[in-house]
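A.B. asks: Provide a 3D model corresponding to the input given below.
(chains A and B)
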Amino acid sequence: MSKTLVEKIWDAHVVKSEEGFPDILYIDTHLIHEVTSPQAFDGLRKRGLPVFRPKQTVATADHNVPTLNQLLPIKEELSRYQVDMLTKNCAEFGIELYGLGHPFQGIVHVIGPELGITLPGKTMVCGDSHTSTHGAFGAIAFGIGTSQVEQVFATQCLLQSKPKTMKIEVNGELEKGVGAKDIILYIIAQISAAGGTGYFIEYAGSAIESLSMEARMTICNMSIEMGARGGLIAPDQTTFDYIKGREFAPAGEEWDKALAYWKTLYSDADAKFDSVLTFDAADIAPMITYGTNPGMGMGIQEHIPATTAQPETEKVSYKKALDYMGFDDDSSLIGKPVDYVFIGSCTNSRIEDLREVANFVKDKRKADNVTVWIVPGSKQVEQQAKNEGLDKIFEAAGFQLREPGCSACLGMNEDKIPAGKYCVSTSNRNFEGRQGQNARTLLASPLTAAAAAVTGKITDVREMLEKV
Amino acid sequence: MKKFTKLTSAVVPLNIENIDTDQIIPARFLKATTREGFGENLFRDWRYNGDNTPKPEFVLNNPTYSGQVLVAGKNFGCGSSREHAAWAIQDAGFDAVISSFFADIFKGNALNNGLLPIQVSDTFLAQIFKAVDSNPKSALEVDLENQTVTIVETGAKESFEINPYKKSCLINGYDDIDFILNQKQLIEEFEQAR
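C.D. replies: Numbers count the residues shown, from 1 in each chain, chains lettered A, B, ... in the order given. Presented below is the predicted three-dimensional model:
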């Protein structure tokens, strides 16, 4: 029987399937971090259970860590306690931890792929909704709650109902200045912040196939922003080339064996999806969000849709969002001054993102009214950036290169955007207060963020590229 | 896990769509390492000003409204997977949340904690808001066994869906870990067969 990619991987991991019950799904790799794991470890203690497969569990500290002076003790007491708790729990339960100071430390969704832990055909979970990032390798990867973290600790399995499948095809060529972030923001704006709920999404089409692994991760990362449990892309030569030679990737005979299996991981030509959507890459412009959910995005030259154009039941929420942002119906964002630019997060903090920004800002300088933070996704990304001299370019441009962590994406540490200020951010969520109480977030690509940093206002990056 | 069978209660109406888990419990309150005490920060930034004084216009600060059922606009619980959102709602005294659409992860987290997410039609949701609007003490009856929710005053009733396994977990107060632990031999056999 023909199967979709999701079905192939899912079926290979079902321990038990019984009518009326969710499947018992085997989990190959469990990633954990300091914020959503402590209560799960406590649960194990209460039940008197060990971690069933500690070698299939990997930990890092990322959500609640400072991004300056990481080797000094964390100043804030609760944060220090939470990070120390992770260290203590990992030691007690025999889990490998890449904590602060470790050369592999970084955002959990950045380090998995760069260490070769993320592989095609795997099932992977983490107590974080952006776990869908790993789907870029052709893996089933999704975010879970803390009770489920405990479940995976205890059994290396999850009770899960098989998801519906959706295929989103993007075909054609992207315009210069338009990238993966614009593709995903465009798709979310088209189908809304709830349009993918209940589905696993497979991204396909020529525009997707031509993307690098970093760009594919950006796409899969934001699947949750349309409500989807996960997103994935069939592995191909680009995937295999990226994985080969990485720290924990299979090598020698193991590599050959793995590669032969990975090459079977694609949706059969006549496989049935529950839903199929198709988009044309040529329709996609640099995107920017104007509201308080990621579905409220538009091409940067467009005007904010009017409240009167919204469905009756949605008008109140829509107006509330525009009021929060301080924007008017039918207005353009071009030329709007910005206060902060944040380049980072599990969406856009990889070496390719930093290279793209550095390449753009070389011999330019940030506008005086803007504070620019660049937060690399991992120690390895940070090191690589320094090896390539990107740090010098950022310094000359007045951009501050900080140390790895989730940082201002969720503002759990001290990296917060002040109340009322506007931040063009390469992260994934523009929710009210996400980057700090009453902070106003505009989601965009690294290039659009870099353009805003240089001009001090919302700018169509395409106009700056043409001058080059 | 907390058991759920039946309840009759007034409701707290929150007619806003796309309520994300960052609103339910902002990230700065996720530093706690236990499950308790999140209720006091439920909807923190909608409920309090920056100087910690309550915002009187917010529904949780309005003594007219009370009850164990939170009723909210569609796509409730979207965004972050933080289970702290379900813990906060429960800790603030709610046993059920009603909306016309729930985000997946939130729904799973709620069920795993004995907080019942009830998905109703857009029309029925509007009826509930209307009933509460005309009488803030208007009560709902939630019957998990029969999978129905009823507006007591008008008698309007709607059925809701729930996975039969999850339903029995809620009624009996047992959780997924209890269930899977009984299958450990199968799991080990699966590992060996790979």
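
A.B. asks: So residue A:15 lies in a helix, does it not?
C.D. replies: No - with DSSP: H, G, I helix; E, B strand; the rest coil as the criterion, residue A:15 is strand rather than part of a helix.

A.B. asks: If you count residues, where's the longest strand of chain B?
C.D. replies: strand B:6-14 (DSSP state E).

A.B. asks: Can you name the next helix or strand after it?
C.D. replies: helix B:21-24 (DSSP states H and E).

A.B. asks: how about that next one against chain A, any contact?
C.D. replies: Yes - with C-beta under 8 Å from any C-beta of the partner chain as the criterion, chain A is reached by helix B:21-24 at B:22, B:23. Quick note: C-beta positions are derived from backbone N, CA and C, even for glycine.

A.B. asks: what comes into contact with that helix?
C.D. replies: A:410, A:429, A:431-434, B:42-43, B:45-46, B:77-82, B:84-85, B:88-89, B:106 (C-beta atoms under 8 Å, 6 or more residues apart in numbering or on different chains).

A.B. asks: where does the nearest residue to residue A:380 once chain neighbours are set aside fall, phi/psi-wise?
C.D. replies: Excluding the flanking residues, the one nearest residue A:380 by C-beta to C-beta, 6 or more residues apart in numbering or on different chains is residue A:114, at 5.6 Å. Per-residue torsions, residue A:114: phi -70, psi -20 (degrees, to the nearest 10).

A.B. asks: and residue A:114, what does it touch?
C.D. replies: A:106, A:246, A:350, A:378, A:380, A:381 are the contacts of residue A:114 under C-beta under 8 Å, 6+ apart.

A.B. asks: State the distance from the third one to residue A:379.
C.D. replies: Which is residue A:350. With the distance defined as C-beta to C-beta, to the nearest Å, residue A:350 ends up 13 Å from residue A:379.

A.B. asks: Settle it for me: which of these two has more neighbours?
C.D. replies: Using other C-beta atoms under 10 Å in any protein chain shown, the more surrounded residue of residue A:350 and residue A:379 is residue A:350, with 28 against 22.

A.B. asks: For the residue nearest the centre of chain B, give the beta-bridge partners.
C.D. replies: With distances taken as C-alpha atoms, centre = their mean, the residue of chain B nearest its centroid is residue B:97 (3.5 Å). According to DSSP bridges, the partner residues bridging residue B:97 are residue B:70, residue B:117.

A.B. asks: likewise residue A:378?
C.D. replies: residue A:106.

A.B. asks: and the gap between it and chain B?
C.D. replies: 21 Å (C-beta to the nearest C-beta, to the nearest Å).

A.B. asks: Who are the contact partners of that residue?
C.D. replies: Contacts of residue A:378 (C-beta under 8 Å, 6+ apart): A:104, A:105, A:106, A:107, A:110, A:111, A:114, A:349, A:404.

A.B. asks: so the fourth one makes contact with residue A:349?
C.D. replies: Yes - the pair residue A:107 / residue A:349 is scored as a contact, 6.5 Å apart, by C-beta atoms under 8 Å.

A.B. asks: Residues that sit against both of those two, list them.
C.D. replies: By C-beta under 8 Å, 6+ apart, the residues touching both residue A:107 and residue A:349 are A:377, A:378, A:404.

A.B. asks: Which element, helix or strand, includes the last one?
C.D. replies: So the one you mean is residue A:404. Counting by DSSP H and E, residue A:404 is found in no helix or strand.

A.B. asks: related to what we said a few turns ago, could I get the buried residue list for the longest strand of chain B?
C.D. replies: Across strand B:6-14, burial judged by 16 or more other C-beta atoms under 10 Å in any protein chain shown covers B:7, B:9, B:10, B:11, B:12, B:13, B:14.

A.B. asks: Just put those in JSON lines and tack on pLDDT and distance to chain A.
C.D. replies: Formatted as JSON lines, the buried residues of strand B:6-14 follow (pLDDT from 0 to 100; distance: C-beta to the nearest C-beta, whole Å):
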{"residue": "B:7", "pLDDT": "97", "distance to chain A": "22"}
{"residue": "B:9", "pLDDT": "98", "distance to chain A": "25"}
{"residue": "B:10", "pLDDT": "98", "distance to chain A": "22"}
{"residue": "B:11", "pLDDT": "98", "distance to chain A": "18"}
{"residue": "B:12", "pLDDT": "98", "distance to chain A": "17"}
{"residue": "B:13", "pLDDT": "98", "distance to chain A": "13"}
{"residue": "B:14", "pLDDT": "97", "distance to chain A": "11"}
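
A.B. asks: and residue B:111, how far is that from chain A?
C.D. replies: Counting by C-beta to the nearest C-beta - residue B:111 and chain A are separated by 9 Å.

A.B. asks: ok, which residues in the stretch 51-200 of chain A are in contact with chain B?
C.D. replies: Counting by C-beta under 8 Å from any C-beta, the stretch 51-200 of chain A sits next to chain B at A:63-64, A:78-79, A:81-82, A:85, A:127-129, A:143-148, A:150-151, A:154-159, A:161, A:193-194, A:197-198.

A.B. asks: By the neighbour-count criterion, which of these qualify as buried?
C.D. replies: Here, 16+ other C-beta under 10 Å leaves A:63-64, A:79, A:82, A:85, A:127-129, A:143-148, A:150-151, A:154-159, A:193-194, A:197-198 buried among these.

A.B. asks: Which ones among the residues you listed map onto helices?
C.D. replies: A:79, A:82, A:85, A:146, A:147, A:148, A:150, A:151, A:154, A:155 (DSSP state H).

A.B. asks: ok, the residue nearest to the fourth one when sequence neighbours are not counted - contacts?
C.D. replies: So that's residue A:146. Excluding the flanking residues, the one nearest residue A:146 by C-beta to C-beta, 6+ apart is residue B:83, at 4.2 Å. If you count contacts by C-beta under 8 Å, 6+ apart, residue B:83 has them with A:36, A:39, A:127, A:145, A:146, A:147, B:109, B:112, B:113.

A.B. asks: Which stretches in the stretch 301-450 of chain A count as helices?
C.D. replies: Counting by DSSP state H, counting those that start in this stretch, one finds helices in the stretch 301-450 of chain A at the ranges A:315-325, A:351-361, A:379-387, A:390-397, A:446-455.

A.B. asks: Enumerate the positions of the fourth one that are buried.
C.D. replies: By neighbour count on 16+ other C-beta under 10 Å, the buried set for helix A:390-397 is A:390, A:391, A:393, A:394, A:397.

A.B. asks: I'd like the residues you listed laid out as CSV, including pLDDT and distance to chain B.
C.D. replies: As requested, these are exported to CSV (pLDDT from 0 to 100; distance: C-beta to the nearest C-beta, whole Å):
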residue, pLDDT, distance to chain B
A:390, 98, 29
A:391, 98, 28
A:393, 98, 31
A:394, 98, 26
A:397, 98, 29
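
A.B. asks: Quickly name whichever of those residues is closest to residue A:319.
C.D. replies: Checking the buried residues of helix A:390-397 against residue A:319 by C-beta to C-beta gives residue A:397 as the nearest, at 38.1 Å.

A.B. asks: just checking, the closest one touches residue A:361?
C.D. replies: Yes - Residue A:397 is within contact range of residue A:361, at 4.4 Å (criterion: C-beta under 8 Å).
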